[in-house]
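Trainee: fold the following for me, if possible:
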Amino acid sequence: MTELWRLSAAGLSIQFSTGRASPTEALDSVLGRISHIDESIGAFANVLEEPARAEARARTDELTQGMWRGPLHGIPVAVKELFDVEGAPVEYGSDTLAGRVADEDAELVRRLRRAGAVIVGTTRSHEFGWGITTQHKTRGGTRNPWDRDRVPGGSSGGSGAAIATGMVPVAVGSDTGGSIRIPACFCGVAGLKPTFGLISRTGGAALAPSFDTPGALARSIEDAADLVSAMSGTDPSDPGCANRSFRVDTQLSASLAGVRIGTSPGLVDIALDAGVALVLERAMSMLDELGAEVVEIDLPGASAMLEAFVPMQMAEAHDFHHRTMGLYPDRADDYGDDVRSHLDAAAVVSLGDYLSAQDDRRRIIASFDRQLQGIDAIISPISAVGPSRIDNSDEVVLNGEIRPFRDVVMRFTVPQNLTGLPTSIVRAGFDADGMPVGVQLTAGRWREDTAVAVAAALQLALEPIDIAPEPTQPTNREITDASGPIERR
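Mentor: Numbering: from 1, shown residues only. Just a heads-up that it's a prediction; the model follows:
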């Protein structure tokens with residue numbers, strides 16, 4: 001029988017329903033996997049073995065009594081360390097909060113437990129979620145499962161790496177400027193950033209409250225949708241949480257006949273790495289083969305959207321660290337160098353800068369809303385290039401030029417945070433270095449169903465999402481474009 005840690009959440013659920021395996025056996029399997037491989041990956045901040053075993057036994061007993069809570073019943077789930085898990089350290093990836101322990105669960109964790117999930121532990125985040133590499137000078141860093149010398153992306157890097165290596169089938173992430181989509185892309189897994197306000201943020205660390213969006217990473221887009229569904233719903237404690245919920249359509253189609261997919265030159269305003277461009281082209285060709293009509297639309301340039309995002313994100317983050325947490329500037333020396341430098345820069349963002357950016361944001365939202373009236377979803381890349389290297393994580397080489405890593409990634413991810421729109425992520429291929437490449441599909445507000453349906457059809461048509469190989473295993477992966485194989489460079 002296939003080892004249980006290799007199965008998706010849906011695959012485990014089938015095993016449970018047919019009596020071939022139990023939640024306790026599934027937990028034993030993933031704990032064994034974590035013990036075997038996480039020392040070389042660094043995905044987990046904390047493994048909550050004993051509480052998880054108690055939950056798994058309870059979910060197993062319920063199944064024997066004929067009780068089933070839903071698709072997450074007995075499923076091992078990891079939670080990004082920016083969300084409180086009762087009894088676990090809750091340091092948000094920062095030395096500024098060393099020794100802090102959560103008194104209670106975040107609201108989304110409570111909902112996952114009610115849905116039957118078994119909380120295995122907390123996964124590594126970039127410090128306070130403010131970065132896209134998941135590296136820290138004193139706490140170490142998470143490594144990319146496909147190449148241990150590269151970063152996994154961030155800030156939900158631990159969640160992405162844990163799924164890619166089979167340590168858990170699904171994990172919670174959050175996305176303020178791309179923090180679900182970036183590690184999903186670089187770790188070769190699926191993800192779903194829902195509409196802003198669909199999931200409560202109560203009991204989680206804020207980065208920039210008008211952008212912060214909890215969501216999911218998983219082996220498949222369907223599993224990610226199940227996790228988002230379980231976490232969704234109104235929460236009076238969170239002023240940004242809408243009175244909305246999301247339910248997964250179990251009748252997803254392999255055909256996209258009648259679906260219109262938009263692509264905008266404005267969203268790709270720098271030249272992509274050749275391997276990334278080939279994967280994006282292949283994905284668009286596949287959408288056409290599945291029956292979708294791919295049309296060009298007109299959206300603002302990515303650079304302009306990044307310029308609008310930065311002052312708002314910085315001002316809101318500074319307010320959280322200074323006024324809400326009382327950490328900056330008094331504890332400035334306890335921050336990592338990169339986050340401290342972000343806070344220093346954020347301290348000089350003026351009210352005028354913030355309000356001007358808000359005006360730009362409103363115009364950007366209106367532009368997306370207009371375009372999405374005539375199409376179902378927008379396809380775009382997540383990064384211009386593969387992940388940076390751990391020994392120089394803040395820079396990459398793109399088409400022969402050294403560039404800041406953030407600039408060649410976040411220009412593709414911040415539009416969905418500015419607009420608050422739901423976006424799904426699927427692995428669409430590999431670049432010339434054998435690193436995974438994902439694409440994102442953005443749908444209209446509250447249309448998670450559309451984002452998931454299009455991604456599911458594309459995912460089914462492309463190669464299955466497999467576990468990243470062990471370091472000693474050769475990948476021998478053929479890199480392909482839309483028409484056939486190309487030589488690895």
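Trainee: what ranges of the stretch 51-200 of the chain fall below the confidence cut-off?
Mentor: Residue ranges of the stretch 51-200 of the chain with pLDDT under 70: none are present.
Trainee: how does it look with 90?
Mentor: Applying pLDDT under 90 to the stretch 51-200 of the chain flags residues 140.
Trainee: identify all contacting residues around stretch 86-106.
Mentor: Taking contacts as C-beta atoms under 8 Å, 6 or more residues apart in numbering, the residues outside stretch 86-106 that touch it are 45-46, 48, 51, 79, 81-85, 109, 113, 121-122, 124-129, 136, 138-139, 200, 202-205, 327, 331, 334-336, 339. In short, each C-beta sits where N, CA and C put it, glycine included.
Trainee: cool, and stretch 361-379?
Mentor: Residues outside stretch 361-379 that contact it (C-beta under 8 Å, 6+ apart): 259-264, 267, 280, 283-284, 287, 294-295, 297-300, 305, 308-309, 312, 415, 418-421, 439-445, 450-451, 454.
Trainee: how far does that stretch stretch from one end to the other?
Mentor: Using C-alpha to C-alpha, to the nearest Å, the end-to-end distance of stretch 361-379 comes to 21 Å.
Trainee: which positions within the helix ranked longest in the chain qualify as buried?
Mentor: Using DSSP state H, we find that the single longest helix of the chain is helix 351-371. The neighbour-count check on helix 351-371 (16 or more other C-beta atoms under 10 Å) flags Ala357, Asp360, Arg361, Ile364, Ile365, Ser367, Phe368, Gln371 as buried.
Trainee: what angle separates the helix or strand just after it from helix 351-371?
Mentor: Per DSSP states H and E, the first helix or strand lying C-terminal to helix 351-371 is strand 377-381. Here the directions of strand 377-381 and helix 351-371 differ by 120 degrees (axes from the mean of the first three to the mean of the last three C-alpha atoms, to 10 degrees).
Trainee: and strand 377-381, which strands flank it?
Mentor: Partners of strand 377-381 in the sheet, by DSSP bridges, are strand 260-263 (parallel), strand 436-443 (antiparallel).
Trainee: dump the residue contacts of Glu470.
Mentor: By C-beta under 8 Å, 6+ apart, the contact list for Glu470 reads Ile37.
Trainee: rewinding a little: pull out the buried members of the contacts of stretch 86-106.
Mentor: 45-46, 48, 51, 79, 81-85, 109, 113, 121-122, 124-129, 136, 139, 200, 202-205, 327, 331, 335-336, 339.
Trainee: picking that back up, among the contacts of stretch 86-106, which lie within helices?
Mentor: Pro51, Val109, Arg113, Val339.
Trainee: please enumerate the strands of the stretch 201-350 of the chain.
Mentor: For the stretch 201-350 of the chain, the strands defined by DSSP state E, counting those that start in this stretch cover 213-218, 260-263, 293-296.
Trainee: Ala171: which element?
Mentor: Take DSSP H and E as the rule and Ala171 turns out to sit in strand 170-175.
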